[in-house]
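# Turn this into a structure:
(one chain, ligands or ions: 1)
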Amino acid sequence: MLQNNIETILKANPLIPVVTIENLGQVEEIYEKLSSQGIKCIEITLRTEFAWEAIALFKEKYPDFQVGVGTIISPEDILKCVKLKVDFMVSPGLTSSMIQQFDFSGIPFLPGVSTPSEIIRGIDMGWRIFKFFPADLFGGAKALKVYGNIFKDVSFCPTGGISQENYQDYLKLDNVIAVGGSWLTSQ
Ligand code: 3PG
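Numbers count the residues shown, from 1 in each chain. Sure, this is the predicted structure:
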């Protein structure tokens, strides 16, 4: 079984803001916005050219935060996370070439799944906590209820289409450990 203490992070932070940083000037504003909501955790996506710099800056300036990296899609991304000593990593999926790097990194990791076969594959690789992505397009809370009947020991952090209006529908499910999304910084 691969070691992965992502459970501790998600339990302590049931709302995970997924943030895409367009310029470094946004970092302080985002920190203030999240802190004012009592949030002490952030997932910064690798979707802009500023992402790595923003991650390094966030870690340096705000040690009270758990700084995670999202949109990890290659072993190279994982190596950069190790260098920056990020607190957790999130991927929309999981490939066998990424597995060894994740194991080697020693950093808590949340792999992404959408379908039953992907969940079975993830379990086979040693995980039991997954990002469910994109949650709304793959059946939302209804799908997670069905997965709860099939995969008894598996928990999820749904993201993708989660909003102020529906996040509690997800959080009340027994197999949902946390929810993530951009709505926490976009409003
Ligand atoms: C993610 O990266 O997890 C999602 O893109 C966040 O989706 P949202 O913008 O719909 O919250």
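# Enumerate the beta-bridge partners assigned to the most centrally placed residue in the chain.
The residue lying closest to the centre of the chain (Cα atoms, centre = their mean) is Val90, at 4.3 Å. Legend: beta-bridge partners of Val90 under DSSP bridges are Leu110.
# That one: what's it in contact with?
Applying Cβ atoms under 8 Å, 6 or more residues apart in numbering to Val90 gives the contacts 43, 68-72, 109-110, 112, 131, 180. Using the backbone N, CA and C atoms, a C-beta is placed for each residue, glycine as well.
# rerun at 10 Å
6, 16, 18, 43-46, 68-72, 108-112, 131, 133, 157, 159, 180 (Cβ atoms under 10 Å, 6 or more residues apart in numbering).
# Please narrow these to those residing in helices.
Residues of the contacts of Val90 located in helices (DSSP state H): Ile6.
# out of the contacts of Val90, who's near the ligand?
18, 45, 70, 133, 159, 180 (Cβ under 6 Å from any ligand atom).
# show me the residues around the first one that make contact.
Applying Cβ under 10 Å, 6+ apart, we find Val18 in contact with 42-45, 47, 68, 70-71, 90, 131, 133, 159-160, 162, 180-186.
# and with 8 Å instead?
43, 45, 70, 159, 180-182, 184.
# which of those residues has the most neighbours?
Gly180 (30 neighbours; other Cβ atoms under 10 Å).
# And the pLDDT at it?
The per-residue pLDDT reported for Gly180 equals 98.
# Around the ligand, which positions in the protein sit nearby?
Close to the ligand, as judged by Cβ under 6 Å from any ligand atom, the chain has residues 18, 45, 70, 133, 159-162, 180-183.
# Sitting in strands, which of those residues do you find?
When DSSP state E is applied, the residues of the chain next to the ligand are split such that 18, 45, 70, 180-181 fall in strands.
# With respect to the ligand, which of these is nearest?
The ligand lies nearest to Gly181 out of these, by Cβ to the nearest ligand atom, at 3.0 Å.
# Who is the closest one paired with across the strands?
Pro17.
# what's the nearest residue in space to Thr8 that is not next to it in sequence in contact with, if anything?
Nearest residue to Thr8, sequence neighbours excluded (Cβ to Cβ, 6 or more residues apart in numbering): Pro108, at 7.7 Å. By Cβ under 8 Å, 6+ apart, the contact set of Pro108 is 4-6, 8-9, 87-89.
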